[in-house]
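Novice: My questions are about this predicted structure, shown below with the sequence.
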There are 2 protein chains.
Amino acid sequence: VQDIRNQLAAAVLRDYHAAALELADTARAVLRSFVCRGHEVELKPDGSLVTNADIEVERRLSAALNARFPEHGVIGEEFPAINPRAEFQWILDPIDGTEDYVRGLPYFGSIIALHYRGQPVVGIIDHPALDLRCSAVFGGGATRNGVEITVAHDTGWQDRSNEVIALATRANFTRYVDDGMTFESLLRANQNVRIFRTCYAHTCAVTGMTDAMVEWEVRPWDIAATRLLVEESGGKYVTLRDIDRPGVGRVHSAVFGRPETVDRLLALLRPLGGCSRE
Amino acid sequence: VQDIRNQLAAAVLRDYHAAALELADTARAVLRSFVCRGHEVELKPDGSLVTNADIEVERRLSAALNARFPEHGVIGEEFPAINPRAEFQWILDPIDGTEDYVRGLPYFGSIIALHYRGQPVVGIIDHPALDLRCSAVFGGGATRNGVEITVAHDTGWQDRSNEVIALATRANFTRYVDDGMTFESLLRANQNVRIFRTCYAHTCAVTGMTDAMVEWEVRPWDIAATRLLVEESGGKYVTLRDIDRPGVGRVHSAVFGRPETVDRLLALLRPLGGCSRE
């Protein structure tokens, strides 16, 4: 099969990547401005939290994209989609992990991705409070704070006995349908897990800080940068389930990280019926 | 009942607290020196990891204590106990979360506590990579980076629906005996959890970043600073189980954090038989 992303010139991709990095800088600057003035917290109708910082970051990024790439689409967590039929779609999560952000937990992140006809070409996950940014462009590798990432290196002390898996929290497995058994099977088979419940878990799997991550039923903006970051850093990304949930929209489940760990998790997940694309 | 800690003069406690803060500074300086030169990782006989940074921090802190308080006891993770019958016991974990330390996860911490006849009088959990330090002295309150902590404040948006619980990982619940069912009951009743597997989870409960934490079967140095930090910040600390495990030694289980969340978790844990002191 032909990868349609090969149609794009490297210079064009570099330009989009540079634009995405500028957006990440803008998101950091806006969030920094809220450190002193403080933010206001509101409950959304679905019970999740939103702050004026979320809104302000998305508004600023969306306006910047509209000015620079008026023909591109923009999909964000907080505002309606712009140009939903465009070939190029910018997908934004201004603060992934608002719950952690308002509690002072530093694992929240800004997610910025560009997809071309459904395929990721630029991906950034930025953690301002940790001064940690992972960035990738199709065919150009992935970096962590500017340094190239390779997940598959041999440390000499890593083996199955000290493998660390990052998981979504149980709420992800029970919000739309009851996949609680899948969650429990994962926990029984992997006694050494971390649960962060933000895109920090993706960063962990991208950088090798954990061996893999299993993400469950998240919205497009939560996971838009992840596949590219994983693949460009030498990891493996496998979609477990992409499905439309009535009244919600598209939700995505995936496993990703070091290839051998991903394969082991797939062997565990497949008999549970978790692997489908509808 | 009389709290024996009231026998100690405030000036004496202040002096011990100042000494403990100096030890935390020393631990940071030693760890900083390893950032450039790098550390070496070894597997311990029990399968856990240790580095020359762990050893060097404990060696330095232990030597400093021996010089300053030669009559005091010192209990650490890596070296044999000194003066085990002394009334004052310094309890040290040079790097709690060595596994996270070697993976580049910034949640590891140094734990420094002083107990007087079994009761905590000084407690510090320090996270060098996050520039985050919680510190408490008996009767003197608890601080986070020098600012007083109060866990029980009303944010206006926190309620049962968005409560966040930090948990130990499943390995803690199955290492010595099979308490896997307790772990699963906690996860079923609390769909919104975080799992860090280091003393960062304690810091979260102390500071209100999570509403509570359930810690399971950890060694004395893992939890030596926690009760004092929790109580001095207005939280509630309840011992679930203190027990001697043959061939291992004393292990501790506890729930702590916002009083109302701790009470709710206790109501869940008590029927599971988790609450005993032997």
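Specialist: Nice, thanks for sending it over.

Novice: So which bits of the stretch 51-200 of chain A are right by chain B?
Specialist: Along the stretch 51-200 of chain A, the residues adjacent to chain B under the rule CB under 8 Å from any CB of the partner chain are A:99, A:102-106, A:130, A:155-157, A:161-162, A:164, A:167, A:169-171, A:174, A:180, A:183-184, A:187-188, A:190-197. Just so you know, the C-beta spots here come from the backbone N, C-alpha and C atoms, and that holds for glycine as well.

Novice: Whichever of those end up buried, select them in ChimeraX.
Specialist: The following ChimeraX line selects those of these that are buried, judged by 16 or more other CB atoms under 10 Å in any protein chain shown:
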select /A:99,102,103,105,106,130,162,164,167,169,170,174,183,184,187,190,191,192,193,194,195,196,197
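
Novice: Tell me which of the residues of the stretch 51-200 of chain A next to chain B fall in strands.
Specialist: Those of those mapping onto strands are A:Leu167, A:Val193, A:Arg194, A:Ile195, per DSSP state E.

Novice: what about the closest residue to the third one other than its chain neighbours, distance to B:Arg194?
Specialist: Beyond its immediate neighbours in the sequence, the residue positioned closest to A:Arg194 (CB to CB, 6 or more residues apart in numbering or on different chains) is A:Ala166, lying 4.9 Å away. Distance, A:Ala166 to B:Arg194, by CB to CB, to the nearest Å: 11 Å.

Novice: A:Gly140 too?
Specialist: Separation of A:Gly140 from B:Arg194 (CB to CB) stands at 34 Å.

Novice: A:Arg85 too?
Specialist: Per CB to CB, A:Arg85 is found 39 Å from B:Arg194.

Novice: just A:Ala20 next, same as before
Specialist: Counting by CB to CB, the separation of A:Ala20 from B:Arg194 is 29 Å.

Novice: For the helix or strand hosting A:Arg59, what is the distance to the chain centroid?
Specialist: Using DSSP states H and E, A:Arg59 maps to helix A:52-68. With CA atoms, centre = their mean, to the nearest Å as the basis, helix A:52-68 stands 18 Å off its chain's centre.

Novice: now the helix or strand following that helix, how far from the chain's geometric center?
Specialist: Next helix or strand after helix A:52-68 toward the C-terminus (DSSP H and E): strand A:73-76. Centroid separation between strand A:73-76 and its chain, computed with CA atoms, centre = their mean, is 15 Å.

Novice: Does A:His252 fall in a helix, a strand, or a coil region?
Specialist: Secondary structure, DSSP: H, G, I helix; E, B strand; the rest coil: A:His252 is strand.

Novice: ditto for A:Val214
Specialist: With three-state DSSP as the basis, A:Val214 sits in strand.

Novice: Excluding chain neighbours, what is closest to it?
Specialist: In space, A:Val214 is closest to A:Val255, 5.0 Å off (CB to CB, 6+ apart).

Novice: Where does that neighbour sit, in terms of helix or strand?
Specialist: Assigned by DSSP H and E, A:Val255 falls in strand A:249-257.

Novice: before we move on, back to that, what residues does the residue nearest to A:Val214 make contact with?
Specialist: A:Ala212, A:Met213, A:Val214, A:Glu215, A:Tyr237, A:Val238, A:Leu240, A:Val262, A:Leu265, A:Leu266, A:Leu269 (CB atoms under 8 Å, 6 or more residues apart in numbering or on different chains).

Novice: so how far is chain B from it?
Specialist: Distance from A:Val255 to chain B, counting by CB to the nearest CB, to the nearest Å: 18 Å.

Novice: cool, and A:Leu21?
Specialist: A:Leu21 is 22 Å from chain B, by CB to the nearest CB.

Novice: And the pLDDT for that residue?
Specialist: Looking at A:Leu21, its pLDDT stands at 98.

Novice: coming back round to it: so the residue nearest to A:Arg194 versus A:Cys204, what's the distance?
Specialist: Using CB to CB, we find A:Ala166 at a distance of 5 Å from A:Cys204.

Novice: which helix is the longest one in chain A?
Specialist: For chain A, the longest helix by residue count, based on DSSP state H, is helix A:10-37.

Novice: Toward the C-terminus, what is the element adjacent to that helix?
Specialist: Heading C-terminal from helix A:10-37, the first helix or strand you meet, by DSSP H and E, is strand A:41-43.

Novice: What ranges in the stretch 151-278 of chain A fall below the confidence cut-off?
Specialist: Along the stretch 151-278 of chain A, the parts satisfying pLDDT under 70 run over A:152-154, A:273-278.

Novice: how does it look with 90?
Specialist: Filtered on pLDDT under 90, the stretch 151-278 of chain A yields the residue ranges A:151-162, A:270-278.

Novice: Alpha carbons of the helix or strand encompassing A:His202, as CSV, please.
Specialist: Element membership for A:His202 (DSSP H and E) is helix A:200-207. C-alpha atoms of helix A:200-207 as CSV (Å, rounded to 0.1, in the frame of the first residue of the first chain):
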residue,chain,number,x,y,z
TYR,A,200,1.9,12.3,29.9
ALA,A,201,1.3,8.6,29.7
HIS,A,202,1.7,8.9,25.9
THR,A,203,4.9,10.9,26.4
CYS,A,204,6.1,8.0,28.7
ALA,A,205,5.6,5.4,26.0
VAL,A,206,7.1,7.6,23.3
THR,A,207,10.3,8.3,25.2
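
Novice: Tell me what angle it forms with strand A:249-257.
Specialist: Interaxial angle of helix A:200-207 relative to strand A:249-257 (axes from the mean of the first three to the mean of the last three CA atoms, to 10 degrees): 40 degrees.

Novice: coming back round to it: give me the buried positions along the helix holding A:Arg59.
Specialist: Within helix A:52-68, the residues that count as buried by 16+ other CB under 10 Å are A:Ala53, A:Asp54, A:Ile55, A:Glu56, A:Val57, A:Glu58, A:Arg59, A:Arg60, A:Leu61, A:Ser62, A:Ala64, A:Leu65.

Novice: looking only at pLDDT, what's the mean for it?
Specialist: Helix A:52-68 shows a mean pLDDT of 97.

Novice: So which elements touch it?
Specialist: Judged by 3 or more CB pairs under 8 Å, 6 or more residues apart in numbering or on different chains; DSSP states H and E, helix A:52-68 is in contact with helix A:10-37, strand A:73-76, strand A:88-96.

Novice: And these: which comes nearest B:Val151?
Specialist: Proximity to B:Val151 (CB to CB) singles out helix A:10-37 among these, at 21.7 Å.

Novice: A:Lys44: neighbour count?
Specialist: Per other CB atoms under 10 Å in any protein chain shown, the neighbour tally for A:Lys44 reads 12.

Novice: Verify the stated contact: it with A:Val50.
Specialist: Yes - the pair A:Lys44 / A:Val50 is scored as a contact, 5.2 Å apart, by CB atoms under 8 Å.

Novice: Keeping just the C-alphas, turn stretch A:134-147 into PDB.
Specialist: What follows is stretch A:134-147, C-alpha atoms only, in PDB (Å, rounded to 0.1, in the frame of the first residue of the first chain):
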ATOM      1  CA  CYS A 134       8.000  15.700  22.300                       C
ATOM      2  CA  SER A 135       7.700  16.600  18.700                       C
ATOM      3  CA  ALA A 136       7.700  14.600  15.400                       C
ATOM      4  CA  VAL A 137       7.200  15.200  11.700                       C
ATOM      5  CA  PHE A 138       6.500  12.500   9.200                       C
ATOM      6  CA  GLY A 139       9.800  10.900   8.000                       C
ATOM      7  CA  GLY A 140      11.800  13.300  10.100                       C
ATOM      8  CA  GLY A 141      12.100  11.400  13.400                       C
ATOM      9  CA  ALA A 142      10.900  12.400  16.900                       C
ATOM     10  CA  THR A 143      12.700  14.500  19.500                       C
ATOM     11  CA  ARG A 144      12.400  15.100  23.200                       C
ATOM     12  CA  ASN A 145      13.400  18.700  24.000                       C
ATOM     13  CA  GLY A 146      15.300  18.700  20.700                       C
ATOM     14  CA  VAL A 147      17.200  15.400  21.300                       C
END
